[in-house]
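# Here is a sequence together with a model predicted from it:
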Amino acid sequence: MSAEAFLDSSPTLANDRAVWGTTANISHDLAFDVAFYDSAFFADINKTDSVSAYLTLYLLRPFYSSKSFPADSLPLKEDLNLTVSWKLDKGSSKSFVDSVARISESRWLSDLKKWKPDSSADTTLSISISAKDTVLRVNLPSSFVSAMKKLTKSCRIQLRLSAPEAARTYRFYGSGTKLFPKLWVDVSKAKRHDYFDVFRMAHIISNKETCTDCAVLHGGVYDSLVVEYESAPIMKALSDFYGDDFPYQGEGDDVRQTVVLAQMTFARDDSQGSSELGLPIQVVVGSYVDSSGKSVRQMEAYKLNKSLIASQGHPNMVFFDGDSLTLQVTYGLRDFINRAKDGRTFKMMMRLGYPVLQAKDPAYTDYKTAAGDTSYVFFSHFDNARYDFSTSVKQPSTLKLWLANKRGDK
C-alpha cells in the first residue's frame, strides 16, 4: 500500500465566505479587487495630508453565533503581524473601470498565482471580537495611502492581506453577498468619508507542513489523500475463496460476481490531529474507476447500517469514539475486480468533509421532524482541521466484501 497527499493551492473565489489567518499548518490570505471612477474624490484627497484608509470585513455571524461554535472561544483577541501588499493601475475614464470589470474571474485568479505587488508594508492589527461584533476594521498603512494619492480620475486597486503568524483563522462574508467587504477612505479635514465596493475577492492558501511525505489531510481546503493497493493480496483472497484462479483470464471482463458492498477499514489515531470545533468529522471517499479506457474518480455512495449507527455511530468519522475508520468503496472494488486481469491497482481518495452534529443519527442528512422542525445532522461550515493518516497507512487495512456471484452455490 502507498499513500500520497495532494493540496491544491490555486487561488479560489471568495464569493460566499472567506477564511483569513493561519491554522492547522495552512496559511490563508485574502485578495481584493476594487475599481472606480471619481475625479472629485482624488482632487479632495490630494489637497490634504489627513487621509486614512481601511477595509471593513463582515464577520460570518452564522458561524460565530452557532451553538456548535465553542462558547469559551469568545471573545477572540489577538495582535496580528500583518503584511499588506498592493497593485495600483491608473485610468483616466469610466471606460477603464468597465474594462476591469470585463476581466474574467479565471484570468484574475491565474494572475494571483504569480502575484508581484507594486509595494507592501508590515503593520500590526489588534483584533478583539465579542459575541456582538459584526465587523472587523483593517487599517491600511500610510504608504498605501500615499501611493493611492498619485492616482487621478479612475483606478484599479488590488490588495492582499497576509497574516502567516496568526494563531487562528477568522471567517467573513464574501464579495458575492450583501455584506461584501468595502474599502473606506476618510479625509478628516473635509469631513469626507467615501467607500468603494470590493467587487471581487479571492482566497489564497499556502502549506506550512514541514513533513513532505506525511499522509496529512486538512479540512476546509481542496486537499486529498490518495491511497493505492497492489492487486495481488486481493486477488489471492478471492482465489482462495472461489477455489479457482483470479483474475479471470478469458475474453472480456470478469462479471461472474458483482460487488454489492465493499468496506475498507483503517486503524485510526486521532492524537496527531487538531480541530477547531471539537466535533466528529466525516471522511469523504472516492474511487478511481475505468471510463472508456481512462481512469476517472467517482465519489462513493454511502449505504446505512441503521442499527449499528444508532448504537455506535457512523464508522466513517475521525475525532470520534473508537480506534478504526471504515469507508465504503463499493464502486471502486466492483470496477477493480471486473477488470483486474490487466494488472491494475486499486486506488481510492479521501477528504475531510463536514463536521457531524449528530454522530448516531442514521439519516445522514438534514431532515424535518414530525413537529416540522429541521434536524441538522451536519454543520454547514467546514472545520479548519488537520488529520495525520501516517500511522493508519503504515498499518494493515482490512477489506470486507459482499458479493453476488454466478459460481454455483457459493
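Thanks, I have the structure now.

# I'd assumed F379 was in contact with Q358.
No: the pair Q358 / F379 is not scored as a contact, 10.3 Å apart, by Cβ atoms under 8 Å. C-betas here are computed from N, CA, C, even on glycine.

# Format the CA atom coordinates belonging to the helix ranked longest in the chain as CSV.
Ordering each helix of the chain by length in residues (DSSP state H) puts helix 231-242 first. Coordinates of each C-alpha in helix 231-242 appear next as CSV, following Å, rounded to 0.1, in the frame of the first residue of the first chain:
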residue,chain,number,x,y,z
SER,A,231,-3.9,-6.2,-6.7
ALA,A,232,-2.1,-9.4,-5.6
PRO,A,233,-3.4,-9.7,-2.0
ILE,A,234,-7.0,-9.0,-3.0
MET,A,235,-6.7,-11.5,-5.9
LYS,A,236,-5.3,-14.2,-3.7
ALA,A,237,-8.0,-13.8,-1.2
LEU,A,238,-10.6,-14.1,-3.9
SER,A,239,-8.9,-17.1,-5.5
ASP,A,240,-8.8,-18.9,-2.1
PHE,A,241,-12.5,-18.1,-1.6
TYR,A,242,-13.7,-19.3,-5.0
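
# Can you give the distance of the helix or strand just after it from its chain's centre?
Where DSSP states H and E defines the elements, the next helix or strand beyond helix 231-242 is strand 257-267. How far strand 257-267 lies from its chain's middle: 28 Å, per Cα atoms, centre = their mean, to the nearest Å.

# Could you quantify the relative orientation of strand 257-267 and helix 231-242 as an angle?
Interaxial angle of strand 257-267 relative to helix 231-242 (axes from the mean of the first three to the mean of the last three Cα atoms, to 10 degrees): 120 degrees.

# can you give me the mean pLDDT across strand 257-267?
Averaged across strand 257-267, pLDDT comes to 92.

# so what secondary structure elements neighbour it?
strand 324-328, helix 330-338, helix 390-394, strand 398-405 (3 or more Cβ pairs under 8 Å, 6 or more residues apart in numbering; DSSP states H and E).

# Please identify the deepest-packed of the ones you listed.
helix 330-338 (a mean of 22; mean count of other Cβ atoms under 10 Å).

# measure S224 to G243 for me?
S224 is 38 Å from G243, where distance means Cβ to Cβ, to the nearest Å.

# Name the residue in those two with the higher neighbour count.
S224 (19 against 8; other Cβ atoms under 10 Å).

# Next, the more buried one: secondary structure please.
Taken by DSSP: H, G, I helix; E, B strand; the rest coil, the conformation at S224 corresponds to strand.

# quick one: average confidence on the longest helix of the chain?
86.

# Could you list every helix and strand that the strand or helix carrying F6 packs against?
Using DSSP H and E, F6 maps to strand 2-7. Secondary-structure packing of strand 2-7 (3+ Cβ pairs under 8 Å, 6+ apart): strand 216-218, strand 223-229.

# For these, give me CSV that also has distance to A310.
Formatted as CSV, those follow (distance: least, Cβ to Cβ, whole Å):
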stretch, distance to A310
strand 216-218, 28
strand 223-229, 29
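
# Burial-wise, tell me which of these comes out on top.
With neighbours taken as mean count of other Cβ under 10 Å, these reach their highest mean count in strand 216-218, at a mean of 24.

# hang on, the earlier thing: tell me what the longest helix of the chain is packed against?
Short answer (3+ Cβ pairs under 8 Å, 6+ apart): helix 231-242 packs on helix 330-338, strand 398-405.

# Residues contacting the strand holding F6, please?
205, 207, 214-218, 221-228, 389, 393 (Cβ atoms under 8 Å, 6 or more residues apart in numbering).

# what's next to the helix or strand just after that strand, contact-wise?
Counting by DSSP H and E, the next helix or strand C-terminal to strand 2-7 is strand 12-13. Outside strand 12-13, the residues that touch it by Cβ under 8 Å, 6+ apart are E105, L109, G174, G176, R200, M201, A202, H203, Y222.

# what lines up beside strand 12-13 in the sheet?
strand 200-207 (antiparallel) (DSSP bridges).

# The strand it pairs with vs strand 2-7, what angle?
Going by the same axes, to 10 degrees, strand 200-207 makes 150 degrees with strand 2-7.

# Strand 200-207 versus strand 223-229: what angle between them?
Going by the same axes, to 10 degrees, strand 200-207 makes 50 degrees with strand 223-229.

# what comes up buried for strand 200-207?
R200, M201, A202, H203, I204, I205, N207 (16 or more other Cβ atoms under 10 Å).
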